[in-house]
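In: Build me a model from this:
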Amino acid sequence: QVQLEESGGGLVQPGGSLRLSCAASRFALDYYAIGWFRRTPGKDREGISCITGTRPDTFYSDSVKGRFIISRNNRKNMVYLQMNNLKPEDTAVYYCAAQAACPGPAAAWGQGTQVTVSS
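Out: The predicted structure follows:
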């Protein structure tokens, strides 16, 4: 069974930074693209970044482009999302997903990690 687990969320002031981690277990992450998504109450889930399994290629939504950086370490079976210059509107639960491609259907989701940007 494919499993993903996010970590690294928390409370940060506007302008601050956080690094989210997505750990994979029971499967080799390098065969998958990994996407980061976020959800806030009352809004649809938003895809914000994705990294392919090969090369790799990276993709960002306009809302985070220039502020967030996605990366992966296949030896550690990990994907990271470095979030810089955080804004209150970045407050959300963040999820990672194993996908066939960027974009693509998700084979597995993590349970999510809360990020709160507030002074």
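In: Can you identify each of the strands in the chain by residue range?
Out: 3-7, 10-12, 18-25, 33-39, 46-51, 58-60, 68-73, 78-83, 92-99, 106-109, 113-117 (DSSP state E).
In: List the contacts of the third one.
Out: Right, strand 18-25. With contacts defined as CB atoms under 8 Å, 6 or more residues apart in numbering, strand 18-25 is touched by 2-10, 12, 32, 34, 36, 77-83, 86, 94, 96, 98, 110, 113, 115. (C-beta placed from N, C-alpha, C; glycine too.)
In: now the strands of the chain in CSV, with mean neighbour count and mean pLDDT?
Out: Shown next, in CSV, are those (neighbours: other CB atoms under 10 Å; pLDDT from 0 to 100):
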stretch, mean neighbour count, mean pLDDT
strand 3-7, 17, 94
strand 10-12, 14, 98
strand 18-25, 19, 95
strand 33-39, 24, 97
strand 46-51, 21, 97
strand 58-60, 16, 97
strand 68-73, 18, 96
strand 78-83, 22, 97
strand 92-99, 23, 96
strand 106-109, 17, 91
strand 113-117, 18, 98
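In: partners of residue 71 in the sheet?
Out: With DSSP bridges applied, residue 71 shows beta-bridge pairing to residue 80.
In: So which residue is smack in the middle of the chain?
Out: Centroid-nearest residue in the chain: residue 36, 2.9 Å away (criterion: CA atoms, centre = their mean).
In: hang on, isn't that one packed against residue 58?
Out: No: using CB atoms under 8 Å as the test, residue 36 is too far from residue 58 to be in contact (10.7 Å).
In: Now the common contact residues for the two.
Out: 49-50, 70.
In: Contacts only, for residue 17.
Out: 82-86.
In: Quickly note the distance from it to residue 87.
Out: The gap separating residue 17 from residue 87 is 12 Å, by CB to CB, to the nearest Å.
In: swap in residue 45?
Out: 19 Å.
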